[in-house]
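Colleague: Generate a structure from the sequence data that follows.
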Amino acid sequence: MAMAGPLYLTNKPAITVWVDDSPSMFVAESGATRLALAADELARRIGEDFGGGLMLRSLGDPTKSSQADNANALLQSLRTWPVAGNALTPPPPALMDRGRRHWLISDGADPDIAEWSSSAPLSGVVQIGSEKNNAAVTAITARASASDMNVLDVRVHIGYSGTSAGYRTVNITGVKDPGEQRFELAPGASRIITATALRGRNIEARLDPPDPLPMDDSLILPASASAALKVRVIGDCPGALVGALAAIPKLDLSDAPGQPADLLVACAAAGALPQTDTAAMFFVTPESQPQQFRKPVWSTLAGPLQNIALDDVAAEVVDRPVGTAATPLLSSGRGALISLHREADRAPAVYVGLDIADAAWARQPSYALLIARLAELAAGQLLLDPIDAVARGSGEEEIAPRYALAQREVDITPASTGRDIAAWFIFAALLLVLLDLAVLIGTARRAAAPAAAAGR
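Modeller: Numbering: from 1, shown residues only. Alright, predicted model coming up:
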């Protein structure tokens, strides 16, 4: 009985706390973040009633969780909880364990969480926060200037959420004319600041004075975002091909010795093409007079390449290298003229069988355009008119607690655990032992009664 009783009496429903870890929960109010304030309030309301344990679950990262067995562990976990890097994804209410008590801590700034709370089986809600105004650097974009490919046209995007107008100063570094600009922001307004910069520099925008959510007051577009790709050209490549590559703004053909290349361009016979782990463009040099193909057909997988007209083209059919998975992009009746090859442990390679040494074709616009599009395919990024960007998630600057969160009385149906079942078995076994003892004692007394009577 002593073993069975405590196991049964302490079977209280476990608690799951769903944590809104969006950026707005890291707004500073009253000397602490909203998340830290929510942790204090949650610990106060739960008290020492941790029952079957408490599990913290992230709404921004379904794989993140933390166990807390007492108030101190709860506070420590939430005070060091990181900001979510993804959009909040609350669990479907129908899949939430009805044998647990579910709590939510949030500020009510996200309409999706408010809608979810109206149907989720929440036994308790801690809603915290009152600050409404927040400015943020939401994005920085840069693209090559039309007048100078080495110069970037920069746009800094400022977002503002709130109920009253505010003033901010933006300081932009890494541009040609760094400095500060002060401006007024109306509620719900946005603003774009323009500047110019040279390639190869970090571009940073910072807002002053800092507001209650400092993590979104600055943003950096790293120099690597606009850096040119290093290209190594090997083999007997015609000057027209090299010139077409050199005209692409994001390709660097300087080929400094000892530096690794981002893109390899090789011109050789099919059997002499090199093996490489680098993204590559292989131009197959015909071993004899290339054949004339009329109106070869683009594959639907060729993307923008399909817009390039190749009426009469001299080419050689590209044989598929052994061990590679090939996707034909341009084909004739005899086989692939351009194909994309991929292997699990290597970067993609584009094999081209077109006669790139054709001087007449090299003077046509389709020649340079085709080379550029093939380079984009091999490099896996836009090269002709790329827009380099860094941006926050849509609406992340919104911090106002606009939405009320719902909770309700929830019937808890604790699931039977192994300890519960074991307790009942122990209890039943002890009861049987007591019954057996009672029977034995009764039998012994009945047997002893005649002997006692005879003695008298």
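
Colleague: For the rest of this, base every contact and every neighbour count on C-alpha atoms.
Modeller: Noted.

Colleague: quick one: contacts for S145?
Modeller: Residues in contact with S145, defined by Cα atoms under 8 Å, 6 or more residues apart in numbering, are V151, L152, D153.

Colleague: so where is the stretch 201-350 of the chain shaky, pLDDT-wise?
Modeller: Counting by pLDDT under 70, the stretch 201-350 of the chain contains low-confidence ranges at 256-257, 319-324.

Colleague: For it, which segments count as helices?
Modeller: With DSSP state H, counting those that start in this stretch, the ranges of helices along the stretch 201-350 of the chain come out as 223-226, 239-246.

Colleague: how about the ones you listed in a markdown table, adding mean neighbour count and distance to E180?
Modeller: Formatted as a markdown table, these follow (neighbours: other Cα atoms under 10 Å; distance: least, Cα to Cα, whole Å):
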| stretch | mean neighbour count | distance to E180 |
| --- | --- | --- |
| helix 223-226 | 17 | 21 |
| helix 239-246 | 16 | 37 |
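
Colleague: Quick one: closest of those helices to L435.
Modeller: Closest to L435 of the helices of the stretch 201-350 of the chain is helix 223-226 (Cα to Cα; 81.2 Å).

Colleague: Mind giving me the packing neighbours of that closest one?
Modeller: Packing contacts for helix 223-226, counted by 3 or more Cα pairs under 8 Å, 6 or more residues apart in numbering; DSSP states H and E, involve strand 387-391.

Colleague: related to what we said a few turns ago, and of the helices of the stretch 201-350 of the chain, who's closest to T173?
Modeller: Nearest of the helices of the stretch 201-350 of the chain to T173, taken as Cα to Cα: helix 223-226 at 12.2 Å.

Colleague: Give me the contact list for that closest one.
Modeller: Helix 223-226 is contacted from outside by A142, R199, G200, R201, N202, I203, K250, D388, A389, using Cα under 8 Å, 6+ apart.

Colleague: Nearest residue to D110 in space, please, no chain neighbours.
Modeller: Distances taken as Cα to Cα, 6 or more residues apart in numbering put Y403 closest to D110, at 7.4 Å, once the chain neighbours are dropped.

Colleague: Run a quick check on that neighbour versus W116, I expect a contact.
Modeller: No - between Y403 and W116 there is no contact, the gap being 11.5 Å when judged by Cα atoms under 8 Å.

Colleague: Quick one: end-to-end distance for stretch 379-394.
Modeller: End-to-end distance for stretch 379-394: 28 Å, by Cα to Cα, to the nearest Å.

Colleague: ok, now stretch 246-255?
Modeller: One end of stretch 246-255 to the other measures 12 Å (Cα to Cα).

Colleague: buried residues in it?
Modeller: A246, I248, P249, K250, L251, D252, L253 (16 or more other Cα atoms under 10 Å).

Colleague: so the residue nearest to D110 sits in a strand?
Modeller: No - counting by DSSP: H, G, I helix; E, B strand; the rest coil, Y403 falls outside a strand, being coil.

Colleague: Identify the residues contacting it.
Modeller: Going by Cα under 8 Å, 6+ apart, Y403 touches G108, A109, D110, P111, A114.

Colleague: Repeat the analysis, applying 7 Å as the threshold.
Modeller: Contacts for Y403 (Cα atoms under 7 Å, 6 or more residues apart in numbering) come out as G108, A109, P111, A114.

Colleague: now, the most widely separated pair of those residues?
Modeller: Among these, the pair separated by the greatest distance (Cα to Cα) is A109 and A114, at 8.3 Å.

Colleague: Neighbour count for these two, which is higher?
Modeller: Per other Cα atoms under 10 Å, whichever of A109 and A114 has more neighbours is A109, with 23 against 18.

Colleague: Just confirm the more buried one is within a helix.
Modeller: No - counting by three-state DSSP, A109 is not found in a helix; it is coil.

Colleague: What are the phi and psi values at the nearest residue to L37 once chain neighbours are set aside?
Modeller: Nearest residue to L37 in three dimensions, chain neighbours excluded: I128, at 7.3 Å (Cα to Cα, 6+ apart). Note on I128: its backbone torsions stand at phi -130, psi 150 [degrees, to the nearest 10].

Colleague: mind checking how far I128 is from A71?
Modeller: 19 Å.

Colleague: and which of the contacts of Y403 is nearest I356?
Modeller: The shortest gap between I356 and any of the contacts of Y403 belongs to P111, at 56.9 Å (Cα to Cα).

Colleague: and that closest one, what is it in contact with?
Modeller: With contact set as Cα under 7 Å, 6+ apart, P111 has these partners: Y403.
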